[in-house]
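**Student:** just a sequence and a predicted model for now, questions to come.
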Amino acid sequence: MYVFGIEIFDKENFWELIIRFAFNTLFIFILAKQLYYGASKRKDYLFTYILISTVVFFLCFLLDNVKLQLGFALGLFAIFGIIRYRTQQIPIKEMTYLFLVIGISVINALSNSKISYAELVFTNVAIMGVTYILEKTWHLKHESRKNIEYEKIELIKPENRALLIKDIEERTGLKINKLEIGRINFLRDTAKIRIFYYEPDYSINNAGESEFDNINE
């Protein structure tokens, strides 16, 4: 049955959409909820990843059978080029997960009859497996950074570097890997210092870094 030339219900395509969407959602949930959120505890990016995956999947699946004119296709890519996260710079690890979410959704939506279900399952499992190994098994630590304004300006001298690190560690409770001396204010006897350290939950430190991006200016 058609309305305005559009079929109301296509049983074959509808069930294919449901099955593929459930399949894609399962792996995105494992990636975003179990792997990413399990390590970072950041609900804001978890929300973003799941919704982006959903939209990208439906966009690719529903437009796969549509013959797009060149102008419309270029306009669509232009829209995607405009969309940006302007509130803060996205850390590299979050960008990697975003790429994985989009990549998995596109693969699951656009795979055709030339790709068997076994190959599709293996691809998803392989991506999950590599991510799990890097995130959970190898325990790759994220080096966090924090920017502070330091008043003991006499300790910024190169010969006092050990004393400077010790003093900052005692006052912050952090194990410092390295530090960078930024702008020095001799009128106020202060200096901006960027410290680098490892912590189990790196996510609490990402917000607010953009304020100090020009620390060396």
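**Tutor:** Here it is on my side, so go on.

**Student:** need the longest helix for this structure.
**Tutor:** Ranked by residue count and defined by DSSP state H, the top helix of the chain is helix 43-63.

**Student:** for the record, mean pLDDT for it?
**Tutor:** Averaging pLDDT along helix 43-63 yields 83.

**Student:** who does that helix touch, helix- and strand-wise?
**Tutor:** In this structure, helix 43-63 packs against helix 11-29, helix 92-110, with contacts taken as 3 or more CB pairs under 8 Å, 6 or more residues apart in numbering; DSSP states H and E. C-betas here are computed from N, CA, C, even on glycine.

**Student:** who are the packing partners of the last one?
**Tutor:** Helices and strands touching helix 92-110, as assessed by 3+ CB pairs under 8 Å, 6+ apart, comprise helix 11-29, helix 43-63, helix 117-132.

**Student:** could you look up the SS state of residue 194?
**Tutor:** Three-state assignment for residue 194 (DSSP: H, G, I helix; E, B strand; the rest coil): strand.

**Student:** if I look at the closest residue to it other than its chain neighbours, how far off is residue 168?
**Tutor:** Excluding the flanking residues, the one nearest residue 194 by CB to CB, 6 or more residues apart in numbering is residue 180, at 4.5 Å. With the distance defined as CB to CB, to the nearest Å, residue 180 ends up 12 Å from residue 168.

**Student:** overlap in contacts of those two?
**Tutor:** Shared between the contact lists of residue 180 and residue 168 (criterion: CB atoms under 8 Å, 6 or more residues apart in numbering) are residues residue 193.

**Student:** count of neighbours near the closest residue in space to residue 100 that isn't next to it in sequence?
**Tutor:** Spatial nearest neighbour of residue 100, excluding adjacent residues (CB to CB, 6+ apart): residue 31 at 6.2 Å. For residue 31, the count of nearby residues is 24 (other CB atoms under 10 Å).

**Student:** now do residue 170
**Tutor:** Residue 170 is flanked by 9 other residues according to other CB under 10 Å.

**Student:** residue 112 versus that one, what's the distance?
**Tutor:** 62 Å.

**Student:** same check on residue 195?
**Tutor:** Using CB to CB, residue 195 is found at 51 Å from residue 112.

**Student:** among the helices and strands packed on helix 92-110, which is nearest residue 36?
**Tutor:** Across the helices and strands packed on helix 92-110, residue 36 has its closest neighbour in helix 43-63 (6.8 Å, CB to CB).

**Student:** verify the contact between the residue nearest to residue 100 and residue 130 for me.
**Tutor:** No - contact between residue 31 and residue 130 fails when scored by CB atoms under 8 Å: they sit 11.0 Å apart.
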